[in-house]
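Asker: Okay, predicted coordinates and the sequence, questions at the end:
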Amino acid sequence: MDLKLAGKRALVTGGSSGLGEGISLALGKAGAKVAVNYRSHPEAADAIKGQIETAGGEATTFQADVTDSAGVAAMFAHLDSQWGGIDLLVNCAGIDGPRADSWECDPDQWRRVLEINLIGAFSCSREALRRMIPQKSGVVLNITSVHEKIAWSGYSAYTASKAGLSMLTKTMAQEAGPHGVRVVSLAPGAIRTPINKSVWSDPAQMKDLMSKIPLDRIGEVDDVAKMAVMLLSDAAGYVTGTTVFVDGGMTDYPSFEQGG
Ligand code: NAD
């Protein structure tokens, strides 16, 4: 199927590792021009740009912390001057923060998670929508998590940020829909990336994880990247204001498998 992404101008935040890296590479392969945002590892972003270019695609890199509104504005201005705007935004930058019960959390660390995962995604979406609305086309894809829906003890900031991002998606989709712009969330389950290395590198934690996944395997970056590309394409042209879960069935709650 031709996804008609050739020449589309895409920005992926947190694009230099894990899911952002996979989505950047998959978009490049599908023919999109890809801007790889990174916070602190230019060499990783450059390597992804190099891979896209070697395969015949077009890419650029841009350093910006998504919590720095001036940096975010400069990133979009850079895209304006380089490519004349943007068609696709993937808000992928995120952290889960240190584990602590809510009454033990450091308030600054708690706030930092919200600033990156929710307010950072809002700032980038705001800049993107200001460009997409007048051109009457575009897609914003927010990477949430199964924890937009499943509580996660010790990670109250993370769950609050992802639930907030899910509702932000729905609201922005309502606003932008009449202008021909779609806003969608993709909620990954447990995917093997640097963010959860402590889980997939520990056999005991992996055994526990498998009890939560009907498909009985950890997700791979490619599982998410393929769905992201689909959602960003016209193949998903009637999908907006909703979350697509890519979780091996985790939100099917397999602990109820035996009834009872
Ligand atoms: P990752 O740690 O490889 O990627 C996170 C990226 O965000 C990194 O590149 C990091 O540099 C970037 N980042 C962090 N703070 C930033 C900031 N202030 N400004 C710009 N960039 C910043 O982990 P990942 O698994 O690829 O995570 C990507 C997204 O997917 C996150 O939003 C995460 O919550 C979400 N997610 C991941 C999983 C999973 O199992 N891996 C599951 C659900 C959701």
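Answerer: Arrived safely, thanks for sending.

Asker: tally of neighbours for Cys92?
Answerer: 27 (other C-beta atoms under 10 Å). C-beta: built from backbone N, CA, C; applies to glycine.

Asker: Hmm, it is touching Gly15, no?
Answerer: Yes: the criterion here is C-beta atoms under 8 Å, and Cys92 meets it with Gly15 at 6.6 Å.

Asker: any common contacting residues for the two?
Answerer: Ile23 (C-beta atoms under 8 Å, 6 or more residues apart in numbering).

Asker: burial measure for the closest residue to Asp101 other than its chain neighbours, as a count.
Answerer: Once flanking residues are discounted, Asp101 sits nearest to Gly154: 6.3 Å by C-beta to C-beta, 6 or more residues apart in numbering. Residues near Gly154, counting by other C-beta under 10 Å, number 15.

Asker: Name the helix or strand for Gly154, please.
Answerer: If you go by DSSP states H and E, Gly154 is not part of any helix or strand.

Asker: Below-threshold pLDDT in the protein: ranges please.
Answerer: Applying pLDDT under 70 to the chain flags residues 260.

Asker: now the helices: where do they sit in this structure?
Answerer: 18-29, 42-54, 69-83, 107-114, 121-135, 156-176, 197-200, 203-210, 221-232 (DSSP state H).

Asker: Looking at the ones you listed, which is nearest to the ligand?
Answerer: Taking C-beta to the nearest ligand atom, helix 18-29 is the member of those nearest to the ligand, at 2.2 Å.

Asker: buried sites along the longest strand that the chain contains?
Answerer: Criterion DSSP state E: the longest strand present in the chain is strand 181-188. By neighbour count with 16 or more other C-beta atoms under 10 Å, strand 181-188 contains the buried residues 181-188.

Asker: Please tabulate these in CSV, including the columns distance to Ile218.
Answerer: Converted to CSV, those look like this (distance: C-beta to C-beta, whole Å):
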residue, distance to Ile218
Val181, 34
Arg182, 29
Val183, 28
Val184, 24
Ser185, 21
Leu186, 17
Ala187, 16
Pro188, 11
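
Asker: If we check the ligand, which of these are in contact?
Answerer: Among the buried residues of strand 181-188, proximity to the ligand is found for Pro188 (C-beta under 6 Å from any ligand atom).

Asker: ok, of the buried residues of strand 181-188, which one's closest to the ligand?
Answerer: For the buried residues of strand 181-188, the nearest to the ligand is Pro188 (3.9 Å; C-beta to the nearest ligand atom).

Asker: Report the contact partners of the closest one.
Answerer: By C-beta under 8 Å, 6+ apart, the contact set of Pro188 is 19, 143, 145-146, 219, 224, 246-247.

Asker: Those, buried ones only, as a ChimeraX selection?
Answerer: This is how ChimeraX selects the buried members of the contacts of Pro188, with burial counted by 16+ other C-beta under 10 Å:
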select :19,143,145,146,219,224,246,247
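
Asker: Kindly present the contacts of Pro188 as CSV, with separate columns for distance to Gly56.
Answerer: Formatted as CSV, the contacts of Pro188 follow (distance: C-beta to C-beta, whole Å):
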residue, distance to Gly56
Leu19, 24
Ile143, 27
Ser145, 33
Val146, 36
Gly219, 29
Val224, 24
Val246, 28
Asp247, 33
